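K.L.:
what's the 3D shape of this:
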Amino acid sequence: MAHGEVEIAPRRRLRLPEGALADMAAADTGLGLAGGKLYASTGTATTFVVCLFDSATSELVAVVEADRLGQLRTGAASGVAARFLAKSGARTLGVIGCGHQAETQVACIRAAVPSIERVVAFCRTPESLAAFCEHTGAEPGESHRDAAGGEVVATITSSRDPVLRGTKHTVATERELLVFTGRRDGRTLIAIPETKDNHCTGITQLHVRFEDRLPVAACRGVLQGYRNRYAALKDAVTETEPTFREDLLGELSVVDLLTKPVHALADRWRQ
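P.N.:
Prediction:
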């Protein structure tokens, strides 16, 4: 995509009497392929298929059953996030949820972070937990707290009554990445929601370390791209101050800029 070789069309949905038909199309000029994923979903089942075409000859080159492919894609997103954002040498992975998508979360994160040695899983159904642990080699947790203690944590459950509360529940509800610090240990964490059909299906939680300070221009860019914090901070400051001094951004720690309440950050401009 960075080279301008990929074009992706927005997902479309058509109503069916008992559900919906959805399609997602893309073309990759670099690979010389174009195709799409099509799936029909009703109250009883969902069926997925991917068709690939040679973009030069229009020849149909592949038809792929895409249920397993979708599982791998969902897991791969967590794997990529973990590879680049987990702390170096992370050894423990926690998984909350043992359903349809959870197995590939473990497989993909293990592949992306080879240092993972221990996996702790939890779900509310003992039979599902036992089967999942036997299949993946994970250890069963007695509660969600056991799994949540991992250095990398993936929540992969569609439960309408989630075991996660507070910050993680906010991430699931707003479906936006969130940086926060742990109450007990002060670790800096990133919670990354995974979404499907406009619903949060899981959260990958990564322990990270940021640079202590950044140049002013870099701070501005980070805050502009993260939850609109730059505009919110500027508005909070200029409610009482005549100007917004950008130079002060470089004096604050990156963690504070990303995690402190905006009204608390604004006090720095009032000193």
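K.L.:
phi and psi next, for L257.
P.N.:
phi -60, psi -30 (degrees, to the nearest 10).
K.L.:
show me what contacts T195?
P.N.:
Residues in contact with T195, defined by Cβ atoms under 8 Å, 6 or more residues apart in numbering, are 175, 201. No exception for glycine: its C-beta is placed from N, CA and C like everyone else's.
K.L.:
is it bridged to anything, and to what?
P.N.:
Note on T195: beta-bridge partners C200, judged by DSSP bridges.
K.L.:
wait, what's in contact with I109?
P.N.:
75, 78-79, 82, 93, 116, 152, 154.
K.L.:
nearest spatial neighbour of A66, skipping sequence neighbours?
P.N.:
Once flanking residues are discounted, A66 sits nearest to F48: 3.7 Å by Cβ to Cβ, 6 or more residues apart in numbering.
K.L.:
so what strands line up beside the helix or strand where that neighbour lies?
P.N.:
In the assignment (DSSP states H and E), F48 maps to strand 46-54. Partner strands for strand 46-54, per DSSP bridges, with pairing direction: strand 33-42 (antiparallel), strand 60-65 (antiparallel).
K.L.:
and for that strand, what's in contact with it?
P.N.:
Outside strand 46-54, the residues touching it (Cβ under 8 Å, 6+ apart) are 32-40, 59-67, 69-70.
K.L.:
which parts of that strand are buried?
P.N.:
48, 50-53 (16 or more other Cβ atoms under 10 Å).
K.L.:
what of stretch 108-127?
P.N.:
Within stretch 108-127, judged by 16+ other Cβ under 10 Å, the buried ones are 108-110, 112-113, 116, 119-123.
K.L.:
pLDDT (mean, whole number) over stretch 47-58?
P.N.:
In this model, stretch 47-58 has an average pLDDT of 96.
K.L.:
how far out from the middle of the chain is that stretch?
P.N.:
Here stretch 47-58 is found 28 Å from its chain centre; the criterion is Cα atoms, centre = their mean, to the nearest Å.
K.L.:
what are the C-alpha coordinates of that stretch, in PDB please?
P.N.:
C-alpha atoms of stretch 47-58 as PDB (Å, rounded to 0.1, in the frame of the first residue of the first chain):
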ATOM      1  CA  THR A  47     -20.000 -19.000   4.900                       C
ATOM      2  CA  PHE A  48     -16.900 -17.300   3.500                       C
ATOM      3  CA  VAL A  49     -15.200 -17.600   0.200                       C
ATOM      4  CA  VAL A  50     -12.300 -15.700  -1.500                       C
ATOM      5  CA  CYS A  51     -11.900 -15.500  -5.300                       C
ATOM      6  CA  LEU A  52      -8.600 -14.400  -6.900                       C
ATOM      7  CA  PHE A  53      -8.100 -13.300 -10.500                       C
ATOM      8  CA  ASP A  54      -5.100 -12.600 -12.700                       C
ATOM      9  CA  SER A  55      -5.400  -8.900 -13.200                       C
ATOM     10  CA  ALA A  56      -3.800  -9.100 -16.700                       C
ATOM     11  CA  THR A  57      -5.800 -11.900 -18.200                       C
ATOM     12  CA  SER A  58      -8.900 -12.000 -15.900                       C
END
